[in-house]
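Participant: take this sequence and fold it.
(chains A and B)
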Protein chains: 2
Amino acid sequence: MGVGHHEAAWRHPRTDARRILDVGHFQELARIAERGKLDSVFFADGLAVGPRVERNTQSIFEPVTLLSAMAVATEHVGLIATASTTYSDPYNTARKFASLDHISKGRAGWNIVTSAGADEAANFGLDGIPLHSGRYERATEYLEVALALWDSWEDEAVVLDSGTGVFADPTKVHRIDHSGEHFTVRGPLNTPRSSQGRPLLVQAGSSESGKDFAARYAEAVFTAQRTLDEGKAFYTDLKGRLARYGRRPDELKVLPGIVPFIGSTEAEAQALEQEFTDLISPDYALRQLSNMLGIDLTAHALDAPLPPLPPEAEIQGNKSRYRLVKELAAKEDLTVRSLIGRLGGGRGHRTFAGTPDQIADELESWFTAGAADGFNVMPPYLPGGLEDFVAHVVPILQRRGLFRTNYTATTLRGHYGLAAPANRFEGSDERSVAKVG
Amino acid sequence: MGVGHHEAAWRHPRTDARRILDVGHFQELARIAERGKLDSVFFADGLAVGPRVERNTQSIFEPVTLLSAMAVATEHVGLIATASTTYSDPYNTARKFASLDHISKGRAGWNIVTSAGADEAANFGLDGIPLHSGRYERATEYLEVALALWDSWEDEAVVLDSGTGVFADPTKVHRIDHSGEHFTVRGPLNTPRSSQGRPLLVQAGSSESGKDFAARYAEAVFTAQRTLDEGKAFYTDLKGRLARYGRRPDELKVLPGIVPFIGSTEAEAQALEQEFTDLISPDYALRQLSNMLGIDLTAHALDAPLPPLPPEAEIQGNKSRYRLVKELAAKEDLTVRSLIGRLGGGRGHRTFAGTPDQIADELESWFTAGAADGFNVMPPYLPGGLEDFVAHVVPILQRRGLFRTNYTATTLRGHYGLAAPANRFEGSDERSVAKVG
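Facilitator: Purely as a prediction, here's the structure:
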């Protein structure tokens, strides 16, 4: 987001960097996405200044606060924000997303992250990165609390009978009485259930723990896959894990990222990509690469290959991104300079330069081959790159019958073809506040 | 807020209770306040379902999320949200309010609370209420962290020079390196400084600890004062404490609450108030009174006086509200039923029924007598009660030269006549990220 997914987007003449602080810019992005009948807009987020603030900064606004302003400028498009389970509390997070879900009338989604960065840890009293396994254990309990809180009001709990003075039916509002290793939470949440039941759950970790977590909880998964074969393998692997948690494969949507450079000819698109590559600041990119790998490369020669990297098992940060970068560099025998260029568009997500038809072909081939249920479109520059995608690629997909020509649902869950989730308390008086106060 | 400050507002024909879940209602309230040239709108908040959800529920939406949607529907009015220092983390809170401050272009305020309720404690892993003294110690350190984070970007830090590739000047972005009893936070914040420097700080505790905290940090204080003499004493006391912290009396605005019932005659206004009193559900009001006092009165006879109450020093909850209720009941020899009626409008805030001229007289007398710098107007029903205040009381105050006829500033700090605060790092390279990374 910001003014584009490419790390040098803010320097390119197709953007106006001052927009990063202007809420009107973000409202415009949501309106463009809605014009294109897209499912949702999505904000990544972090809880620290990015590497080398001199060269770039991401995630300036707390995303739920920003999405609320975008919600009231739109009617259909979903609104997905990232929030960390490591550096927040489940009651506050459940309420924040429930609030956005009401404000948007059922269009909120939560991208669940466990915060792998050392810079983030330092802002929350930790010397190092919390252990990978510990982060996922906490995340699992966190989700159980949040899910219970979103169930704590049944659908029909709010009565609003002014004559009899019954505001809510206390037999339909429930304590959760959670008591676990990390959290003790009585409930109920102080926000009623939303029209889509609860916010859509999204996840992006592709480590073993991440995939299991996704198979258990996620309804959509953002993933960085660089080749069709890798994409198919990931898709098959992840979908195959759902049965363990009593879920059907279609209850989770796999959405690989793509950074599209669009041109009227392939050469024009490639030239545009090269313009962006040429604007990369190597010092920034080196710091970013160092953060991705958890290894200081800031003094490393740009025209040398990567130094030997430790095995993935020793990494406490983002394991899947580590593996992706390591494999990319090895497979194609890249220098650090070339690697930086390849990562500049989407930090590991697939970059594709071509005509609208070529991009539509590429998306169709992944979809029909069973590597994707849809895509996380990450325009390299904004709003222009999103406008071009909506104006030129979406109509091709629509003509091919691959994409909706109009919204048929009003909730984010509806856009994904997912039913509202069942409520564990529905019809039960278990822990109703009418009984236990 | 919601559909009114009176606890039975949602039952009265002048309100539509369904509006409590409609963001459009809250946007309309902000627009009405702006039409009346009011300084700000303000949301109280709590982190638990209120007493007896059957009868009422308050604070449904997380307030910063809601205020963001109101920010983009207005241009001038300030936006103040409550957030707890006990059940959140300073990095997240500082960022959330900084985000709202940017989205609103300098109109955000933070009402700082320490969360005295047992119901809230139970949602955050605590068996009882955290000790009063401990809450304020944590709040003090919390504020020091938040203030440092808001200073961590100097005003001119964001450069956005696309030619040279300088996004921010790293000599003007600073680590805070806070290490204290409750928090260890490196910084910088990942949101630049806003146009009003930082969010306006508001406080409402009137205990000894609360008043000292306000004198040290607050720029506006909401307070419940029932008589002019009490109001003057509070005003003088609080203003007198500022010098201890090197502050001038005019750097803090004292804003007593008032719940105005407006009628074209005094009798009509009083009849309107009586209608609301008659709609109070005694079971709800008793639970609410029990929560205020920290004593279970739910089985107490309505037509008996209050039972003997323990001394204030033994109370761990909201001490000032405890004292107010205890004194009110004793002074006027009230039964519990009468006490409930007197508290229904503003839970201890002064209720006043009269004509627009009488209300204007009352406000003027407090202002000129040195009991108030302004008021926290708490309409008993919404939006009608706010519309009436803006249409009928504000013009009288304007004619008397007591209130602005147009906004002269664009920030909340400007509406209060406060200068942007100095930045501790201005012009210094202390802990600049250019040096320490």
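Participant: okay, CA-based contacts and neighbour counts for the rest of this
Facilitator: Will do.
Participant: which residue comes closest to A:N318 once chain neighbours are left out?
Facilitator: Nearest residue to A:N318, sequence neighbours excluded (C-alpha to C-alpha, 6 or more residues apart in numbering or on different chains): A:A116, at 5.7 Å.
Participant: A:V433 contacts A:H174, doesn't it?
Facilitator: Yes: in terms of C-alpha atoms under 8 Å, A:V433 counts as a neighbour of A:H174; the distance is 5.5 Å.
Participant: ok, these two, which is more surrounded?
Facilitator: Neighbours were counted for A:V433 and for A:H174 using other C-alpha atoms under 10 Å in any protein chain shown; A:H174 has more, 29 against 21.
Participant: could you verify my assumption that that one touches A:R186?
Facilitator: No: in this structure, A:H174 is not within contact of A:R186 by C-alpha under 8 Å, at 9.4 Å.
Participant: for A:V377, give me its contacts.
Facilitator: A:G257, A:I258, A:V259, A:P260 (C-alpha atoms under 8 Å, 6 or more residues apart in numbering or on different chains).
Participant: which residues does the second one bridge with?
Facilitator: When bridges are assigned using DSSP bridges, the partners listed for A:I258 are A:R350, A:V377.
Participant: chain B contacts on the stretch 151-300 of chain A?
Facilitator: A:160-163, A:165-170, A:183-192, A:281 (C-alpha under 8 Å from any C-alpha of the partner chain).
Participant: check for me that A:G46 belongs to a strand.
Facilitator: No: checked against DSSP: H, G, I helix; E, B strand; the rest coil, A:G46 lies outside a strand; its state is coil.
Participant: so for it, what's the pLDDT?
Facilitator: In this prediction, A:G46 carries a pLDDT score of 93.
Participant: count the neighbours of the closest residue to it other than its chain neighbours for me.
Facilitator: Nearest residue to A:G46, sequence neighbours excluded (C-alpha to C-alpha, 6+ apart): A:S59, at 6.4 Å. Using other C-alpha under 10 Å, A:S59 has 19 other residues around it.
Participant: wait, A:A329 sits on A:I340?
Facilitator: No: judged on C-alpha under 8 Å, A:A329 makes no contact with A:I340 at a distance of 10.0 Å.
Participant: who has more neighbours, these two?
Facilitator: Neighbour comparison, A:A329 and A:I340: the larger count goes to A:I340, with 24 against 19 (by other C-alpha under 10 Å).
Participant: tell me which helix or strand the more buried one sits in.
Facilitator: helix A:336-343 (DSSP states H and E).
Participant: okay, that helix in CSV with CA atoms only?
Facilitator: Taking Å, rounded to 0.1, in the frame of the first residue of the first chain, the C-alpha atoms of helix A:336-343 are listed here in CSV:
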residue,chain,number,x,y,z
VAL,A,336,23.3,-9.5,-4.3
ARG,A,337,22.6,-6.6,-6.7
SER,A,338,20.5,-8.8,-9.0
LEU,A,339,18.7,-10.4,-6.0
ILE,A,340,17.8,-6.9,-4.7
GLY,A,341,16.3,-6.0,-8.1
ARG,A,342,14.3,-9.2,-8.1
LEU,A,343,12.9,-8.5,-4.6
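Participant: contact partners of that helix?
Facilitator: Against helix A:336-343 from outside (C-alpha under 8 Å, 6+ apart): A:277, A:280, A:282, A:285-286, A:289, A:301-306, A:329, A:348-349, A:351.
Participant: return the member of those nearest to chain B.
Facilitator: A:I280 (8.7 Å; C-alpha to the nearest C-alpha).
Participant: what about the residue nearest to that closest one when sequence neighbours are not counted, how many residues nearby?
Facilitator: In space, and not counting its chain neighbours, A:I280 is closest to A:A8: 5.3 Å by C-alpha to C-alpha, 6+ apart. Applying other C-alpha under 10 Å, we find 26 other residues in the vicinity of A:A8.
Participant: could you do the one 3 residues further on as well?
Facilitator: Applying other C-alpha under 10 Å, we find 25 residues neighbouring A:R11.
Participant: so where is chain A shaky, pLDDT-wise?
Facilitator: Low-confidence segments of chain A, defined by pLDDT under 70: A:437.
Participant: give me the domain ranges for it.
Facilitator: With domains defined by the TED database, chain A comprises A:9-147+A:186-263+A:355-416, A:268-350.
Participant: can you give me the end-to-end span of the first one?
Facilitator: This points to domain A:9-147+A:186-263+A:355-416. One end of domain A:9-147+A:186-263+A:355-416 to the other measures 30 Å (C-alpha to C-alpha, to the nearest Å).
Participant: in the lengthiest helix in chain A, which residues are buried?
Facilitator: Longest helix of chain A, by residue count under DSSP state H: helix A:132-151. By 16 or more other C-alpha atoms under 10 Å in any protein chain shown, the buried positions in helix A:132-151 come out as A:132, A:135-136, A:138-143, A:145-151.
Participant: again, but for stretch A:148-166
Facilitator: Buried, per 16+ other C-alpha under 10 Å, within stretch A:148-166: A:148-155, A:157-158, A:160, A:162, A:165-166.
Participant: thinking again about what came up before, quick one, which of the domains of chain A is packed in tightest?
Facilitator: domain A:9-147+A:186-263+A:355-416 (a mean of 21; mean count of other C-alpha atoms under 10 Å in any protein chain shown).
Participant: got a list of what A:F97 touches?
Facilitator: A:V64, A:A108, A:G109, A:W110, A:P199.
Participant: out of the residues you listed, list just those in strands.
Facilitator: Judged by DSSP state E, strands contain the following of the contacts of A:F97: A:A108, A:G109, A:W110.
Participant: hang on, isn't A:L79 packed against A:A69?
Facilitator: No: between A:L79 and A:A69 there is no contact under C-alpha under 8 Å: 10.6 Å.
Participant: how about the helices in the stretch 151-300 of chain A?
Facilitator: Under the criterion DSSP state H, counting those that start in this stretch, the stretch 151-300 of chain A contains helices at A:208-217, A:228-241, A:266-278, A:282-293.
Participant: turn those helices into JSON lines, columns for distance to A:P383.
Facilitator: Shown next, in JSON lines, are the helices of the stretch 151-300 of chain A (distance: least, C-alpha to C-alpha, whole Å):
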{"stretch": "helix A:208-217", "distance to A:P383": "31"}
{"stretch": "helix A:228-241", "distance to A:P383": "28"}
{"stretch": "helix A:266-278", "distance to A:P383": "15"}
{"stretch": "helix A:282-293", "distance to A:P383": "23"}
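Participant: dump the residue contacts of the residue nearest to the spatial centre of chain A.
Facilitator: Closest residue to the average C-alpha location of chain A: A:N111 at 4.6 Å, with C-alpha atoms, centre = their mean. For A:N111, the contacting residues are A:A44, A:I80, A:A81, A:T82, A:A83, A:L201, A:V202, A:Q203, A:A204, by C-alpha under 8 Å, 6+ apart.
Participant: name the nearest of those relative to chain B.
Facilitator: Using C-alpha to the nearest C-alpha, these come closest to chain B at A:A83, 10.7 Å.
Participant: does the closest one count as helix, strand or coil?
Facilitator: strand.
Participant: just the element for the closest residue to it other than its chain neighbours, please.
Facilitator: Using C-alpha to C-alpha, 6+ apart and skipping residues adjacent in sequence, the residue nearest A:A83 is A:I112, 5.8 Å away. In the assignment (DSSP H and E), A:I112 maps to strand A:108-113.
Participant: parallel or antiparallel, list what pairs with that strand.
Facilitator: strand A:78-84 (parallel), strand A:200-203 (parallel).
Participant: quick check: angle from the longest one to helix A:132-151?
Facilitator: With axes from the mean of the first three to the mean of the last three C-alpha atoms, to 10 degrees as the basis, strand A:78-84 and helix A:132-151 are set at 130 degrees to each other.
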